[in-house]
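Q: got a sequence here, can you build the structure:
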Amino acid sequence: MITVLSRLIALLPTPALLGLGSVLGWVWYHLIPLRRKDARTAVARAFPEKSAAEHRRIVKANFVHLVRALLEVIAFVSYPESRLKKLVRFEGLVEPVLAARAEGRGTVCLSAHIGSFELSMGTFHFLTGVPIVIVARIPKGGISRALLEAVRDRTGMIVLPPKGSLPKVVHALTDEKRIFGFVTDQNMPRKRG
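A: Residues are numbered from 1 along each chain as shown. This next block holds a predicted model:
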């Protein structure tokens, strides 16, 4: 199912994909209440000086962004290398990572949990051959797991579950000279931070 969906979405020109993401993000915000209240609460806490209207605008824009990023990841599974080279540009990242590997070291790369970080990490590995390991919650099944596995198959990216991952991350950095990609997440309980 992911492969078929990916091939269909990958056929869309980038402006059409972004437009579809805008429409679906609008639908999510206005018609599907999932996570809307939590998002509004978080934005109000982060920006108490802004008005309620501005809070709503920020949350709506975030929902659109999330849907666009999801569509990009789904399309990534089927994008040809030529399209990836047009869509993704790395500035100031390739050289330090390759230099660290040449010196026999791995690299830690941090990102905020915004933007198309899956597309970036997957494309970096796909285009440079530098292996990547990340720590992320692994879905138990369904479309989320199928998508994660499709991206992993395309990129060779290793996804480790959070529990007990530290020794594997250290091994990946020191022995395998991998990139450890870490995306800072939402507020986590202290015992899981």
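Q: going forward, measure contacts between C-alpha atoms and count neighbours the same way
A: Fine.
Q: okay, now P48: neighbour count?
A: Counted with other Cα atoms under 10 Å, the neighbours of P48 add up to 11.
Q: so C109 is in contact with F180, correct?
A: Yes - if you go by Cα atoms under 8 Å, C109 and F180 touch, sitting 6.1 Å apart.
Q: more neighbours: the two, which one.
A: Legend: neighbour count by other Cα under 10 Å for C109 and F180, higher for F180 (21 against 15).
Q: helix or strand: which one has the more buried one?
A: strand 179-184 (DSSP states H and E).
Q: same check on V159?
A: V159 belongs to strand 158-160 when assigned by DSSP H and E.
Q: so where's the protein shaky on pLDDT?
A: 185-193 (pLDDT under 70).
Q: which residue ranges of it form helices?
A: Taking DSSP state H to define them, one finds helices in the chain at 2-10, 14-31, 36-46, 52-76, 81-87, 94-102, 117-128, 142-155, 166-174.
Q: and the fifth one, what does it pack onto?
A: The contact analysis (3 or more Cα pairs under 8 Å, 6 or more residues apart in numbering; DSSP states H and E) places helix 81-87 against helix 117-128.
Q: identify each buried residue in the helix it packs on, please.
A: Within helix 117-128, the residues that qualify as buried by neighbour count (16 or more other Cα atoms under 10 Å) are F117, E118, L119, S120, M121, G122, T123, F124, H125, F126.
Q: out of those residues, flag the one nearest to L71.
A: L119 (10.2 Å; Cα to Cα).
Q: quick check: the closest one touching A75?
A: No - the criterion here is Cα under 8 Å, and L119 misses it with A75 at 9.5 Å.
Q: which residue is nearest the middle of this structure?
A: Nearest residue to the geometric centre of the chain (Cα atoms, centre = their mean): E118, 3.0 Å.
Q: now do the contacts for that residue.
A: Contacts here follow Cα atoms under 8 Å, 6 or more residues apart in numbering; on that basis E118 touches V73.
Q: ok, it to A69 distance?
A: Applying Cα to Cα, to the nearest Å, the value for E118 to A69 is 8 Å.
Q: cool, and A39?
A: Counting by Cα to Cα, the gap from A39 to A69 is 17 Å.
Q: which of these two has more neighbours?
A: A69 (21 against 18).
Q: and for that one, nearest residue in space, chain neighbours not counted?
A: Nearest residue to A69 in three dimensions, chain neighbours excluded: S116, at 5.3 Å (Cα to Cα, 6 or more residues apart in numbering).
Q: what is the burial count for the one you found?
A: 18.
Q: next one: R152
A: R152 has 15 nearby residues by other Cα under 10 Å.
Q: over to the one 5 residues further on?
A: Each residue near M157 was counted by other Cα under 10 Å, and the total is 23.
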